[in-house]
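*Asks:* Predicted model and sequence below, questions to follow.
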Amino acid sequence: MSNIYESAEATLGFISSPCLTKVELRVACRGISDRDALSKPDPCVVLKMQSHGQWFEVDRTEVIRSSSGPVFSKIFLVDYYFEEVQRLRFELHDISSGNNGLRDADFLGAMECTLGQIVSQRKLTKALLKQGNTAGKSSITVTAEELSGNDDYVELSFSARKLDDKDFFSKSDPFLEIFRINDDGTESLVHRTETVMNNLSPVWKSFKVSLNTLCSGDHDRELKVAIDFTASNGDPRNSCSLHYIHPYQPNEYLKALVAVGEICQDYDSDKMFPAFGFGALIPPDFKVSHDFAVNFDEDNPECAGIQGVVEAYQNCLPKIQLYGPTNIAPIIQKVASSASEEMHTKEAMEYFILLILTDGVITDMADTREAIVHASHLPMSVIIVGVGNADFTDMQILDGDDGILRSPKGEPVLRDIVQFVPFKDFKHASPAALAKSVLAEVPNQVVDYYNAKGIKPKCMSDYESTRTFSP
């Protein structure tokens, strides 16, 4: 990781936010080493969350006796903030029946990640680490379900009769696992009942489950980045330039890119971000372009993570000539083209977020208004971060908070899809505050689009509810 990227990333902090939803987390482990030759471990997972650099326990699972591959029935319910980096730590402990809780337990390993990573992937599996090394072949899997504020719940009860004896001398110790069948044919555990010991006709405790949990499908968000390379930013070789590359300190563009991008990248399934530039003369013929790939690969403009965008940006600057004018309609139209193709697919499950970093007055205002009105019908949002001290009146008009944006012909936007924030307003604030302000409207914009189109997360028509196992 580059020093510039680390420097910008390290400044991100934690802030309170009204953009909240609830998430259910379920945990399972595999490959836990036996305690010794005669007994298996009694595992328990402790969930911790980081705040101000310290880890605090949130909750813990039940202890499952004598298991090297436990599937815990405990569900962690956590608050999920779209625009924050929420760091989680899952610790696995072996709690034998004779000890006094975690103090005397054996630490078996831990896994760290962000809540956004789990939510975006819906199922995250990583190796357990112990003192910086992998803990044998052990791994932990965490699955996530987002709950809407008006989730409906159903209560389920199960029983069985005339199960087979385990052997001549003992009866079975049955439990039920309830799975959801996903659209791709894989299975996700919904609930695991308690084990009823020595019983051929068990009756398990009833439990409540969200109807959302029984449904599969989600809307993927794809982030695309556009960077202003017009001459008004100043010569990158000059320390006064907004594009000045210091060996160890991020410039204004990098600060804004990392602050917003670090949040957005958790919600992109493949973590590959197309990055474009506008307003520069580009090689080999040095003609002006308003939608060129920052990595100069027009067939594949994607960069690996926000760090990849930072590196492509740094490599790009010495090879181009800053020019102008500041035309942003072409890049909006480019992303709108992808969004239009997605809208006409059967699934229409992908939503596009265009992040524009710019320093100046728009010179194609009429075309930009037309492009935004057209894009307001599509699965996309436009985030504009103003860098520097220029007059951003045009950007505020595009934002539409003070009135309905209209095309030059008078057609109004179907919905508000633009959010503008001047970076100078956050000079003395945490960059995380910038991310909060920029991204706070995105969740509602996503929901408004799919509600208007009548597109919902897909739910199974036939739900295979149970499978019975003997422990």
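*Replies:* Everything's here; your move. Note that this is a predicted model, so its numbers are computed, not measured.
*Asks:* what pLDDT does residue 75 get?
*Replies:* At residue 75 the predicted local confidence, pLDDT, stands at 90.
*Asks:* How many neighbouring residues does it have?
*Replies:* If you count neighbours by other Cβ atoms under 10 Å, residue 75 ends up with 17. Every C-beta, even on glycine, is put in place using the N, C-alpha and C of the backbone.
*Asks:* same question, residue 237
*Replies:* By other Cβ under 10 Å, the burial measure for residue 237, its neighbour count, is 11.
*Asks:* Can you dump the C-alpha atoms of stretch 41-55 in CSV for me?
*Replies:* Below are the C-alpha coordinates for stretch 41-55, written out as CSV (Å, rounded to 0.1, in the frame of the first residue of the first chain):
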residue,chain,number,x,y,z
PRO,A,41,-13.4,-28.2,21.5
ASP,A,42,-16.4,-26.5,23.0
PRO,A,43,-16.4,-23.4,20.8
CYS,A,44,-18.0,-20.0,21.3
VAL,A,45,-17.6,-16.8,19.1
VAL,A,46,-17.3,-13.4,20.6
LEU,A,47,-18.2,-10.4,18.4
LYS,A,48,-16.3,-7.2,19.0
MET,A,49,-16.5,-3.7,17.4
GLN,A,50,-13.8,-1.1,17.1
SER,A,51,-14.4,2.4,18.5
HIS,A,52,-11.7,5.0,18.8
GLY,A,53,-9.0,2.4,18.2
GLN,A,54,-10.3,0.0,21.0
TRP,A,55,-12.2,-3.3,20.7
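*Asks:* Report the buried residues of it.
*Replies:* Neighbour-count burial for stretch 41-55 flags 41, 42, 43, 44, 45, 46, 47, 48, 49, 50, 55 (criterion: 16 or more other Cβ atoms under 10 Å).
*Asks:* May I see the buried residues of the helix or strand hosting the last one?
*Replies:* Element membership of residue 55 [criterion: DSSP states H and E] is strand 54-60. Neighbour-count burial for strand 54-60, counted by 16+ other Cβ under 10 Å, picks out 55, 60.
*Asks:* just to revisit the earlier point, please tabulate the buried residues of stretch 41-55 in JSON lines, including the columns secondary structure and distance to residue 442.
*Replies:* Supplementary listing: the buried residues of stretch 41-55 in JSON lines, determined by DSSP: H, G, I helix; E, B strand; the rest coil; distance: Cβ to Cβ, whole Å:
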{"residue": "41", "secondary structure": "coil", "distance to residue 442": "43"}
{"residue": "42", "secondary structure": "coil", "distance to residue 442": "44"}
{"residue": "43", "secondary structure": "strand", "distance to residue 442": "38"}
{"residue": "44", "secondary structure": "strand", "distance to residue 442": "37"}
{"residue": "45", "secondary structure": "strand", "distance to residue 442": "32"}
{"residue": "46", "secondary structure": "strand", "distance to residue 442": "32"}
{"residue": "47", "secondary structure": "strand", "distance to residue 442": "27"}
{"residue": "48", "secondary structure": "strand", "distance to residue 442": "28"}
{"residue": "49", "secondary structure": "strand", "distance to residue 442": "23"}
{"residue": "50", "secondary structure": "strand", "distance to residue 442": "24"}
{"residue": "55", "secondary structure": "strand", "distance to residue 442": "29"}
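*Asks:* Break the chain down into its domains, please.
*Replies:* Structural domains of the chain, as assigned by automatic domain parsing, span the residue ranges 8-217+460-469, 220-440.
*Asks:* now the longest one: how far from the chain's centre is it?
*Replies:* Okay, so that is domain 220-440. 19 Å (Cα atoms, centre = their mean, to the nearest Å).
*Asks:* Likewise for stretch 21-29?
*Replies:* Centre to centre, stretch against its chain (Cα atoms, centre = their mean), the figure for stretch 21-29 is 15 Å.
*Asks:* quick one: contacts of it?
*Replies:* Contacts with stretch 21-29, where a contact means Cβ atoms under 8 Å, 6 or more residues apart in numbering, come from 43, 45, 47, 61, 69-72, 74-80, 82, 90, 92, 115, 118-119, 128, 138-149, 189, 210, 213, 443.
*Asks:* Narrow those to just the buried residues.
*Replies:* Those of these that meet the buried threshold are 43, 45, 47, 61, 70-72, 74-76, 78, 80, 82, 90, 92, 115, 118-119, 128, 138-147, 189, 210, 213, 443, by 16+ other Cβ under 10 Å.
*Asks:* Direction included, what does the longest strand along the chain pair up with?
*Replies:* Looking across the chain with DSSP state E, the single longest strand is strand 133-147. Using DSSP bridges, the strands paired with strand 133-147 are strand 20-30 (antiparallel), strand 123-130 (antiparallel).
*Asks:* does residue 48 really touch residue 54, like I thought?
*Replies:* No - in this structure, residue 48 is not within contact of residue 54 by Cβ atoms under 8 Å, at 9.4 Å.
*Asks:* which residues touch the residue lying closest to residue 33 once chain neighbours are set aside?
*Replies:* Nearest residue to residue 33, sequence neighbours excluded (Cβ to Cβ, 6 or more residues apart in numbering): residue 136, at 5.0 Å. Neighbour list for residue 136: 31, 32, 33 [criterion: Cβ under 8 Å, 6+ apart].
*Asks:* Show the residue spans covered by the helices in the chain.
*Replies:* Ranges of helices within the chain are 3-10, 115-121, 252-264, 305-316, 329-343, 365-375, 393-399, 431-439, 442-453, based on DSSP state H.
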